[in-house]
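Asks: From the sequence below, what's the structure:
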Amino acid sequence: MPTFETCPRFTADLQHLTPAQRRRFRRVVLDAFVPDLRTGRQFRPGLRIKGVRCAPGVYELTWAPDGRATWSYGRAVVAGLPHVVWHRIGTHGILDRPLAEGRRADPGMERNTDVSM
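Replies: Now for the predicted structure:
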């Protein structure tokens with residue numbers, strides 16, 4: 001199972017989503033994003049994963065018609081498993097500031113050993 005960590009801004013953004021939006025994001029991550037990460041092949045087109053132009057190394061994931069999350073690959077926590085750093089979540093508007101902390105990694109981030117949210 002891939003590992004992940006969340007930036008403080010992601011955690012704050014997540015609290016602003018409705019319970020239904022949080023469930024939908026979690027379902028997309030568990031049913032599509034994680035299986036695609038495991039295979040190591042391209043992500044399925046429905047996730048619409050692409051690089052964020054103003055933040056090299058950061059990607060956006062579409063989890064609803066106006067639901068976006070930004071993330072990057074972090075340093076491996078478990079050898080051989082991808083590690084995801086979640087930066088922001090919300091509407092398309094988060095792409096104005098995809099990295100609220102202004103950097104890709106921060107030792108103050110929460111660290112988890114699976115991707116279940």
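
Asks: what's across from the closest residue to residue 57 other than its chain neighbours in the sheet?
Replies: Of all residues not flanking residue 57 in the chain, residue 72 sits nearest, at 5.3 Å (CB to CB, 6 or more residues apart in numbering). Glycine gets a C-beta too; all of them are placed from N, C-alpha and C. Counting by DSSP bridges, residue 72 forms beta bridges with residue 58, residue 85.

Asks: distance of the nearest residue to residue 75 once chain neighbours are set aside from residue 60?
Replies: Using CB to CB, 6+ apart and skipping the chain neighbours, the partner closest in space to residue 75 is residue 83 (6.3 Å). From residue 83 across to residue 60, the span is 18 Å (CB to CB, to the nearest Å).

Asks: Residue 18 too?
Replies: Using CB to CB, residue 18 is found at 20 Å from residue 60.

Asks: wait, isn't residue 2 in contact with residue 82?
Replies: Yes - in this structure, residue 2 is within contact of residue 82 by CB atoms under 8 Å, at 4.6 Å.

Asks: Between these two, which contacts overlap?
Replies: residue 37 (CB atoms under 8 Å, 6 or more residues apart in numbering).

Asks: Assess the claim that the residue nearest to residue 75 and residue 71 are in contact.
Replies: No - contact criterion CB under 8 Å: residue 83 and residue 71 do not qualify, at 10.4 Å.

Asks: More neighbours: which of these two?
Replies: residue 71 (24 against 18; other CB atoms under 10 Å).

Asks: Thought residue 89 was touching the more buried one, still the case?
Replies: No - using CB under 8 Å, residue 71 makes no contact with residue 89, being 9.3 Å away.

Asks: What ranges does the chain have for its helices?
Replies: Using DSSP state H, the helices of the chain run over 8-16, 19-28, 34-39.

Asks: Okay, now the unreliable bits of this protein?
Replies: Where the chain drops to pLDDT under 70, the residues are 100-117.

Asks: most remote residue from it's center?
Replies: residue 79 (20.0 Å; CA atoms, centre = their mean).
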